[in-house]
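Asks: Have a look; sequence and predicted model below, questions after that.
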Amino acid sequence: MKTLSSNGLPLPFTPDLFAPLRDSTGLYGRPDALRERLASDGYLYLRGVLDRAEVLRLRGAYFSLFDPAYLAPGTTPEEGVFSGRVPAGLPPHGMPGHPAHAFVRSRTFRDFVGSPVLAKLAEAALGGSAELLPRRILRHFHRGAHRASRAHVDLDYLDAGSDRLVTMWIPGGDCPLEAGALVYLEGSHTLRADEYAPLRATSDRPHDRRPITHDLELLATRLGRRWLWADFSAGDVMVHVSRMVHASLDTATDAMRLSIDLRFLPTGAAADPRWLRAWSADDGA
């Protein structure tokens, strides 16, 4: 039996805890069918909707900003293979001075997230004109860090605006389960917040009431639901609604995990003002 982990806690890869994501790629180009599936499942798993080469170029552009000592000898920035050593003096991820902070403000990144493909997908998901919020998050994790996104719903992080937002999660390269992939709690968009609220007491962040918990096995067992998963490839896109519980796993591969989080709202809908400026890891949102 394969054992994964999230934030350092073991998570057995068993049929009672895991099931495959439903693939919605066949519905691509059919907006009504995509919206119906999104309402039913709370997510859309779409394979190969972005150009793989463009995604890998973005990956290379990002990792080329680091001290070469961060990458394994004989590998390229596009491969993004961790050397096992974090360069001295590297600021915390996403803080001023860290490459991620500069990269989300670059033209390369703006052009990528401004892709007409993503805009059309957002319009299909929302059923009309959509706006991309300016706070666009770039995450990356490396082997041995035992850091991952805790179980949460996006609405707890964007609670001052419309709840009609949708999130796109874009892997910045191939991202199999062991690389730290995103996982979704089956049917969780239909849960009431009070059904999982007691689990917030189990979080390793008692000062922050937004995460539900870092213990993914406990959450799945208590609620009787499985974590839905896929081995993602460069070019895939996930779309999910604001009440879908999701989390990520620890990165256990030599290749570093890179991903982008985008949020879209219907044009003219009220937006959380904290999300109307560029992302910084110290912005409190």
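Replies: Thanks, I have it. Residues are numbered from 1 along each chain as shown.

Asks: Is the residue of the chain positioned farthest from its centre in a helix, a strand, or coil?
Replies: Farthest-out residue of the chain from its mean C-alpha position, per CA atoms, centre = their mean: residue 74, at 29.0 Å. Secondary structure, DSSP: H, G, I helix; E, B strand; the rest coil: residue 74 is coil.

Asks: for residue 178, same thing?
Replies: Secondary structure state of residue 178, per three-state DSSP, is helix.

Asks: Let me see the contact set for it.
Replies: Residues near residue 178 by CB atoms under 8 Å, 6 or more residues apart in numbering: 4, 249, 251, 252, 253. For glycine as for every other residue, the C-beta is placed from the backbone atoms N, C-alpha and C.

Asks: what does stretch 260-273 contact?
Replies: By CB under 8 Å, 6+ apart, stretch 260-273 touches 112-113, 118, 122, 125-133, 135-139, 154, 158-162, 164-170, 172, 275, 285.

Asks: Any buried residues in that stretch, and which?
Replies: 260, 261, 262, 263, 264, 265, 266, 271, 272 (16 or more other CB atoms under 10 Å).

Asks: Torsion angles phi and psi at the closest residue to residue 234 other than its chain neighbours?
Replies: The shortest distance from residue 234 to any non-neighbouring residue, by CB to CB, 6 or more residues apart in numbering, is to residue 55 (4.2 Å). Dihedral pair for residue 55: phi -60, psi -40, per degrees, to the nearest 10.

Asks: Can you give me the distance of residue 55 to residue 70?
Replies: Residue 55 is 20 Å from residue 70, where distance means CB to CB, to the nearest Å.

Asks: what about those two, which has more around it?
Replies: Taking other CB atoms under 10 Å, residue 55 and residue 70 do not tie; residue 55 has more neighbours (24 against 21).

Asks: and the residue most central in space within the chain, which of the three is it?
Replies: Note on the chain: the residue nearest the mean C-alpha position is residue 169, at 4.5 Å, using CA atoms, centre = their mean. Applying three-state DSSP to residue 169 yields a three-state assignment of strand.

Asks: how about it, what does it touch?
Replies: 182, 237, 238, 240, 259, 260, 261.

Asks: Closest one of the residues you listed to residue 46?
Replies: When the contacts of residue 169 are ranked by distance to residue 46 (CB to CB), residue 237 comes first, at 4.9 Å.

Asks: What is the end-to-end distance of stretch 252-263?
Replies: End-to-end distance of stretch 252-263 (CA to CA, to the nearest Å): 28 Å.

Asks: I meant stretch 83-100, not that one.
Replies: Termini of stretch 83-100 sit 18 Å apart (CA to CA).

Asks: Neighbours of residue 105, how many?
Replies: Residues within reach of residue 105, counting by other CB under 10 Å, total 13.

Asks: thought it was touching residue 279?
Replies: No - counting by CB atoms under 8 Å, residue 105 stays clear of residue 279, with 9.1 Å between them.

Asks: Residue 215 versus the residue farthest from the centre of the chain, what's the distance?
Replies: On the measure of CB to CB, residue 74 and residue 215 end up 39 Å apart.

Asks: try residue 98
Replies: 29 Å.

Asks: Residue 234: neighbouring residues, count only.
Replies: 22.

Asks: which residues pair with the closest residue to residue 212 other than its chain neighbours across the strands?
Replies: Nearest residue to residue 212, sequence neighbours excluded (CB to CB, 6+ apart): residue 151, at 4.4 Å. Residues in a beta bridge with residue 151, per DSSP bridges, are residue 213.

Asks: In contact with residue 151, which residues?
Replies: 185, 211, 212, 213, 214, 216, 219, 245, 246, 247.

Asks: my guess is the second one meets residue 202, correct?
Replies: No - taking contact to mean CB under 8 Å, the distance of 10.0 Å between residue 211 and residue 202 leaves them out of contact.

Asks: of these two, who's got more company?
Replies: Applying other CB under 10 Å to residue 211 and residue 202 shows that residue 211 carries more neighbours, namely 21 against 15.

Asks: ok, now how distant is that one from residue 227?
Replies: 16 Å.

Asks: How about residue 70?
Replies: For residue 70 relative to residue 227 (CB to CB), the value is 30 Å.

Asks: Need the contact partners of the helix or strand where residue 108 lies.
Replies: Applying DSSP states H and E as the criterion places residue 108 in helix 107-113. By CB under 8 Å, 6+ apart, the surrounding residues in contact with helix 107-113 are 54, 58, 61, 103, 132, 136, 138, 260, 262.

Asks: Many thanks, we can stop here.
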